[in-house]
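[1] Structure of the sequence below:
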Amino acid sequence: MIEISNVSKTYEEGNRALRNVNITIEDGEFVFIMGPNGSGKTTIFKLLLKEVEATSGRIVVNDMNLGKMPRRYVPKYRRRLGVVFQDFRLLKDRNVYENVAFAQRVVGASTRRIKEAVPEMLQMVGLSAKYKMYPKQLSGGEQQRVAIARALINRPEVLLADEPTGNLDNRNAMEIMKLLEDINEMGTTVIVITHSREIVEMMGKRVIRMERGCVVSDEIEGAQAVYDRQAVYDELSAYDEQVIYDEPETDEESEDGGGQTEDSRQETEDGQMTEDGDTYEN
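    Numbers count the residues shown, from 1 in each chain. Here you go, the predicted model:
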């Protein structure tokens, strides 16, 4: 379960990205978080990935309180997540097989395990015949399938996808969404950040809509959850003169393994990763 309770986020520049956000996502759910640029949806993605810290409030992911999580535990936490980005973030100098295998090497999987798991995952995403190809030889939809395979190879409990269809045409976009739906039906919690109304309407899943840092609606199977929309809009009107932005994106290309950031890989190399028996106070 993911619980975001009374969470606010203000960046150093004074931009308020989130205002008292409350979201609960049950295990095995498929959820869209939707909104225009500056709505706060990307900040939620970064908070769940623990790339940024909340200014106030509480975030709990599968009984782990992210606000109280020691830095040394972050790499291990991220190993339990799968992450898919809009720009794929594949390693250009490695073929399909090696891109997927990279995520397992980061976590110290054995060669035998890699040889078993990678072909299985490539078959699942329909790329078994292209395992020797390099990213530049693949279509956008195929590159995103590689990214999804890499995100899933370590069997994460939660899959976070940030605009996974943003660079794809309609046909490839729907193929990717169907793949994510199949993954969800296998038990993985799937959270998709998007601004695409067309994709959301076609999928018929739970949709959390955000505007200017607030949740303005939460619909499950077409039934609106208990939200006083007018109260939310009244609150927003008080901030009409204040522009809210998500934290700026960076252009640096990532070589992470299914959610492994540079910091987490460095901590792994330095031998600082928490052992399985370590715990921390929730």
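[2] burial count for residue 55?
    13 (other CB atoms under 10 Å). For glycine as for every other residue, the C-beta is placed from the backbone atoms N, C-alpha and C.
[3] for it, phi and psi?
    When read as degrees, to the nearest 10, the backbone of residue 55 gives phi -70, psi -40.
[4] which residues touch it?
    By CB atoms under 8 Å, 6 or more residues apart in numbering, the contact list for residue 55 reads 8, 9, 10.
[5] One more: residue 200?
    Contacts of residue 200 (CB under 8 Å, 6+ apart): 32, 34, 194, 207.
[6] number of nearby residues for the residue lying closest to residue 35 once chain neighbours are set aside?
    Spatial nearest neighbour of residue 35, chain neighbours left out: residue 210 (3.7 Å); criterion: CB to CB, 6 or more residues apart in numbering. By other CB under 10 Å, 24 other residues sit near residue 210.
[7] which stretches of the chain aren't confidently modelled?
    Segments of the chain classed as low confidence (criterion: pLDDT under 70) are 220-282.
[8] tell me the centre residue of it?
    residue 160 (2.2 Å; CA atoms, centre = their mean).
[9] That one contacts residue 84, doesn't it?
    Yes. Contact criterion CB atoms under 8 Å: residue 160 and residue 84 qualify, at 7.2 Å.
[10] Can you add distance to residue 44 and secondary structure and give the contacts of residue 200 back as TSV?
    TSV is the format used below for the contacts of residue 200 (distance: CB to CB, whole Å; DSSP: H, G, I helix; E, B strand; the rest coil):
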residue	distance to residue 44	secondary structure
32	12	strand
34	11	strand
194	12	strand
207	14	strand
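[11] farthest-separated two in these?
    Greatest spacing in the contacts of residue 200, by CB to CB: 194 and 207 (9.4 Å).
[12] what about stretch 115-134, distance to the chain center?
    Counting by CA atoms, centre = their mean, to the nearest Å, stretch 115-134 is centred 22 Å from the centre of its parent chain.
[13] quick check, residue 108 in a strand?
    No. Counting by DSSP: H, G, I helix; E, B strand; the rest coil, residue 108 is not found in a strand; it is coil.
[14] Next, work out how far apart it and residue 24 are.
    Going from residue 108 to residue 24 by CB to CB, to the nearest Å gives 34 Å.
[15] The stretch 1-150 of the chain: helices as residue ranges?
    Secondary structure of the stretch 1-150 of the chain (DSSP state H, counting those that start in this stretch): helices located at 41-48, 74-78, 96-106, 111-124, 140-152.
[16] Which one of these lies nearest to residue 89?
    helix 140-152 (6.7 Å).
[17] Now do whichever helix or strand comes after the closest one: which elements does it pack against?
    Sequence order places strand 158-162 as the next helix or strand after helix 140-152, per DSSP states H and E. With contacts taken as 3 or more CB pairs under 8 Å, 6 or more residues apart in numbering; DSSP states H and E, strand 158-162 sits against helix 41-48, strand 81-84, helix 170-185, strand 189-194.
[18] got the CA coordinates for strand 158-162 in CSV?
    The C-alpha coordinates for strand 158-162 follow below in CSV (Å, rounded to 0.1, in the frame of the first residue of the first chain):
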residue,chain,number,x,y,z
VAL,A,158,5.6,-1.2,-7.6
LEU,A,159,6.1,0.1,-11.2
LEU,A,160,6.3,3.9,-11.6
ALA,A,161,6.0,5.1,-15.2
ASP,A,162,6.6,8.8,-15.9
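[19] Specify the angle between it and helix 170-185 in degrees.
    For strand 158-162 against helix 170-185, the angle by axes from the mean of the first three to the mean of the last three CA atoms, to 10 degrees is 160 degrees.
[20] any residues touching strand 158-162, and which ones?
    2, 42, 45, 48-49, 61-62, 80-86, 151-152, 180, 183, 188-193, 259.
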